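[1] this one's sequence-less:
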């Protein structure tokens, strides 16, 4: 099982880096996972602005040579892992721009048919507020957008979420959260 | 009433430009609106990636000199109008990055208190799919995130949405949609 980790946080001195290390460590101890690749969008200085116009046609985005590397990473992977903070109830613009630019028609879907079938996704997100806030106050908007508007559309039905709250609180039980993620990847079968 | 229009679309040969023109025309004919400013994020080549780290502290973002112009535009405005397409059920990364970078602690909110009280917002968004799709399939995620996770948090309670579907369909009644927006701005009181 080949795994691509897409990491989105500007600062490695953050709990998100803890999640990244927990995922990597879990994967390394999982005999089913043979290959682990990390894409650090900030380190990569990825440009999140999707541009199309008369010269740069939208219908040619799926063969844009500048993005070939990112498409190949996705094609190679059986499992996509996204690690990111929640800002304003949703992922950072950096990650959403990666999706805007890479998950385009002709690559991720074509005429309503998802082209990334068979892959699985894990999202590890964390926020400052309490973990019940998105459910009780935001109608679960973040998960719904990721699961239904994005992944199901590109053919991915197996999506697992770890959505952690109270990340800056001393009562946040950070160690338990890191361990939960680590143990999941240590034994995940698909 | 001073109005700031934040326009987010890479291509002016699009229906979004039609909405921009309709908003401007309506505003110009509205005696209550004395000042119209347009911020075209793509033309501006706005960098949507929020960066913070040991050198660039998150708590100093609200005085980042690079973004002073954008903060001043918002402070001057009584009304903020956002015009954008819906991609993957939500606004383009470009607009969300503007929010990530400009609507920061110390400027847009402080210790849970919204600092942009009294301003009003209009969102004019459009999508390829049918207009009932976000309501029936996405739990209204886009509007919920804008209204509750963003605007209410910064103190803005008056938010009006125009969310148009079927934008690429010949049956989409584009003229009616443009007219609806135009007439709204022609007579809006607050």
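    Yep, that arrived. Note that the structure is a prediction, hence the values are computed from the model and not measured.

[2] I'd like the average pLDDT over the strand or helix carrying residue A:135.
    Per DSSP states H and E, residue A:135 falls inside helix A:133-137. What helix A:133-137 shows for mean pLDDT is 80.

[3] again with stretch A:44-59
    95.

[4] what about that stretch, near chain B?
    Yes. Shown here: stretch A:44-59 in contact with chain B (C-beta under 8 Å from any C-beta of the partner chain) through A:46, A:48-54. C-beta coordinates here come from the backbone N, C-alpha and C atoms, glycine included.

[5] List the buried residues of that stretch.
    For stretch A:44-59, a neighbour-count test (16 or more other C-beta atoms under 10 Å in any protein chain shown) marks A:46-52, A:58 as buried.

[6] what would the residues of stretch A:44-59 next to chain B look like in a markdown table with secondary structure?
    Shown next, in a markdown table, are these (DSSP: H, G, I helix; E, B strand; the rest coil):
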| residue | secondary structure |
| --- | --- |
| A:46 | coil |
| A:48 | coil |
| A:49 | coil |
| A:50 | coil |
| A:51 | coil |
| A:52 | coil |
| A:53 | coil |
| A:54 | coil |
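
[7] I'd like to know which elements the next helix or strand along the chain from the helix holding residue A:135 is packed against.
    Using DSSP H and E, the helix or strand that follows helix A:133-137 towards the C-terminus is helix A:141-144. On a contact count with 3 or more C-beta pairs under 8 Å, 6 or more residues apart in numbering or on different chains; DSSP states H and E, helix A:141-144 meets helix A:133-137, strand A:158-164, helix B:141-144.

[8] of all the residues of stretch A:44-59 next to chain B, which comes closest to residue B:150?
    Ranked by distance to residue B:150 (C-beta to C-beta), the residues of stretch A:44-59 next to chain B are led by residue A:48 at 18.2 Å.

[9] How about the contacts made by the residue nearest to the spatial centre of chain A?
    What sits nearest the mean C-alpha location of chain A, by C-alpha atoms, centre = their mean, is residue A:82, with 2.2 Å. Residues near residue A:82 by C-beta atoms under 8 Å, 6 or more residues apart in numbering or on different chains: A:6, A:8, A:91, A:95, A:121-125.

[10] quick one: which of the helices and strands packed on helix A:141-144 is nearest residue B:134?
    That would be, of these and by C-beta to C-beta, helix B:141-144, which comes in at 5.7 Å.

[11] Now do the buried residues in that closest one.
    For helix B:141-144, a neighbour-count test (16+ other C-beta under 10 Å) marks B:141-144 as buried.

[12] now stretch A:128-144
    A:129, A:133-134, A:137-144.

[13] and what of stretch A:150-169?
    Applying 16+ other C-beta under 10 Å to stretch A:150-169 flags A:150-151, A:153-154, A:156, A:159, A:161-167 as buried.

[14] These also near chain B: which ones?
    Answer for those near chain B (C-beta under 8 Å from any C-beta): A:150, A:153.

[15] so, in contact with chain B or not, the lowest-mean-pLDDT helix or strand in chain A?
    Scoring the helices and strands of chain A by mean pLDDT, DSSP states H and E places helix A:133-137 at the bottom, with a mean of 80. Yes. Residues of helix A:133-137 contacting chain B under C-beta under 8 Å from any C-beta: residue A:137.

[16] and that helix, what does it pack onto?
    helix A:141-144.

[17] Chain B contacts on chain A?
    So chain A meets chain B at A:10-11, A:13, A:42, A:46, A:48-54, A:87-90, A:92-94, A:96-97, A:99-100, A:103, A:137-142, A:144-145, A:148-150, A:153 (C-beta under 8 Å from any C-beta).

[18] still on that earlier bit, which one among the buried residues of helix B:141-144 gets closest to residue B:190?
    Ranked by distance to residue B:190 (C-beta to C-beta), the buried residues of helix B:141-144 are led by residue B:143 at 19.8 Å.

[19] quick one: contacts for residue A:108?
    A:102, A:114-116, A:153-154 are the contacts of residue A:108 under C-beta under 8 Å, 6+ apart.

[20] Among the residues you listed, which lie within strands?
    residue A:114 (DSSP state E).

[21] where do the helices sit along chain A?
    In chain A, the helices defined using DSSP state H lie at A:15-28, A:68-76, A:93-102, A:133-137, A:141-144, A:174-187.

[22] quick one: which of those has the weakest pLDDT on average?
    helix A:133-137 (a mean of 80).

[23] Any idea how far it is from the middle of the chain?
    21 Å (C-alpha atoms, centre = their mean, to the nearest Å).

[24] any residues touching it, and which ones?
    A:86, A:89, A:127, A:140-143, A:163, A:165, B:148.

[25] what's the burial count for residue A:39?
    Other residues lying near residue A:39 total 20 when counted by other C-beta atoms under 10 Å in any protein chain shown.

[26] my guess is it contacts residue A:8, does it?
    No. Under the criterion of C-beta atoms under 8 Å, residue A:39 makes no contact with residue A:8, lying 9.2 Å away.

[27] Check the gap between residue A:156 and residue A:123 for me.
    Distance, residue A:156 to residue A:123, using C-beta to C-beta, to the nearest Å: 11 Å.

[28] cool, residue A:98 as well?
    For residue A:98, the distance to residue A:123 - C-beta to C-beta - is 14 Å.

[29] isn't residue A:13 right next to residue B:55, touching?
    No. Using C-beta under 8 Å as the test, residue A:13 is too far from residue B:55 to be in contact (11.4 Å).
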